[in-house]
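Q: dropping the sequence and predicted coords here.
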Amino acid sequence: MNKSLQKITVYEPDNSLKQGYLSIFIEIYNEINKNGWLIYQLFKRDFLALYKQTFIGIFWSLLLPIVSIGVFVALNNSGIFNAGIIDVPYPLYAVIGLTFWQIFSIGLVACSNSLVNAGSMIVKINFSKKSLVIASIGQPILSFSVQMLIVAFLFLFYGITPSSTILFLPLFLLPVLLLTIGLGFIFSLINGIMRDIGNMLSMVVTFLMLLTPVLYAKPAHGLLAGISRYNPLYYLISIPRDLFLTGKVTELNGYIISCIFSVFIFFICIVVFHLTETRVAERV
């Protein structure tokens, strides 16, 4: 007797981990590469919205750090704030540090708010949510480019020739960008669930800057010296600054470990985001 064979189809919840991590990374790369035009359009939209109806536009990127550095210069000269022992003019030291720091601070806040700010777009249109986070990093990169004009002016003003290592600027930026985007992926997801994160993040980043030797030299002893020893942001900012100014590195091992940590955080966070972004519309 012939038995009819039935084909049974079993539907399972999406589980991309079964594909293997290599397949996931390939899928992520192809997705980002495919959405290159969208990322550019999102960046252009955010840029125009940020400086729309402002009198000086992009030059706010110059004015804000100048005011911030001016305050710390005044505090340092008055003895209220002690920047420590610095072998170069303090304004130049502080501007370079703040310029690198703002890649992290502005980028992290922008990436974390990217999904919430595009809530209506996410609900109505099916597209890669990674595009929103990656496009947000364009804002601090553009601000960094503009602020380098201040750095160039200060080098000329003080008659200091920067080290030839300045030619490797893109390599110095890469670890900071990877760490910022990686954390931005995670915080954008958390912010979509708990909006308090977006409100708290700016305050936390400011507090973190005070704990990181951005506007002052690393103390030799004490609590801040211990914190800096295990703070990857200290190495990612101070080492490029030292290379800019002197061409010498004193804590290369810490910088290499921080770069590896940044790469690790980036890949872990982008995989987590990739595995969960299909459910973003339900939460944002």
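A: Done, it's in.
Q: what strand or helix carries the closest residue to S228 other than its chain neighbours?
A: Ranked by C-beta to C-beta, 6 or more residues apart in numbering and with sequence neighbours excluded, the top spatial neighbour of S228 is Y234, at 4.5 Å. No exception for glycine: its C-beta is placed from N, CA and C like everyone else's. Using DSSP states H and E, Y234 sits in helix 232-245.
Q: packing partners of whichever helix or strand comes after that helix?
A: Read in the C-terminal direction, the helix or strand following helix 232-245 is helix 252-276, with elements assigned using DSSP H and E. Counting contacts by 3 or more C-beta pairs under 8 Å, 6 or more residues apart in numbering; DSSP states H and E, the secondary-structure elements packed against helix 252-276 are helix 21-34, helix 130-136, helix 169-193, helix 232-245.
Q: how close does I125 get to S131?
A: 11 Å (C-beta to C-beta, to the nearest Å).
Q: looking at these two now, which is surrounded by more residues?
A: Under the criterion of other C-beta atoms under 10 Å, the comparison of I125 against S131 puts S131 first, with 23 against 9.
Q: hmm, that one is touching Y40, no?
A: No. Applying C-beta atoms under 8 Å as the test, S131 and Y40 come out as separate, 9.5 Å apart.
Q: and the residue nearest to G184 when sequence neighbours are not counted, what element?
A: Residue nearest to G184 in three dimensions, not counting chain neighbours: C111, with 2.5 Å by C-beta to C-beta, 6+ apart. With secondary structure defined by DSSP H and E, C111 is part of helix 90-117.
Q: what angle do that helix and helix 169-193 make?
A: 40 degrees (axes from the mean of the first three to the mean of the last three C-alpha atoms, to 10 degrees).
Q: for burial, what's the neighbour tally of I260?
A: Taking other C-beta under 10 Å as the criterion, the count of residues near I260 is 12.
Q: and what of L108?
A: Counted with other C-beta under 10 Å, the neighbours of L108 add up to 26.
Q: one more: L154?
A: The local packing count at L154 equals 19, with neighbours defined by other C-beta under 10 Å.
Q: just the pLDDT for it.
A: Reading off the per-residue confidence, L154 sits at a pLDDT of 86.
Q: residue contacts, the nearest residue to it once chain neighbours are set aside?
A: Distances taken as C-beta to C-beta, 6+ apart place L92 nearest to L154, at 4.5 Å, with adjacent residues excluded. Residues in contact with L92 (C-beta atoms under 8 Å, 6 or more residues apart in numbering) are 151, 154-155, 158, 160, 245.
Q: pretty sure V263 contacts L178?
A: Yes. With contact taken as C-beta under 8 Å, V263 and L178 are classed as touching, separated by 5.9 Å.
Q: out of the two, which sits in the more crowded spot?
A: A count of neighbours by other C-beta under 10 Å puts L178 above the other of V263 and L178, at 21 against 15.
Q: how near is the spatially closest residue to that one that is not a sequence neighbour to V176?
A: Computed as C-beta to C-beta, 6+ apart, the closest residue to L178 that is not its neighbour in sequence is F266, at 4.1 Å. The span separating F266 from V176 equals 11 Å under the rule C-beta to C-beta.
Q: quick one: which of those two has more around it?
A: Residue environment comparison for F266 versus V176 gives the larger neighbour count to V176, 24 against 20, counting by other C-beta under 10 Å.
Q: residue nearest the middle of this protein, spatially speaking?
A: Most central residue of the chain, judged by C-alpha distance to the mean C-alpha position with C-alpha atoms, centre = their mean, is T180 at 2.8 Å.
Q: how about it, what does it touch?
A: By C-beta under 8 Å, 6+ apart, the residues touching T180 are 103-104, 107-108, 111, 137, 140.
Q: go on, L42?
A: With contacts defined as C-beta under 8 Å, 6+ apart, L42 is in contact with 131-132, 135.
Q: any idea which element it lies in?
A: helix 36-50.
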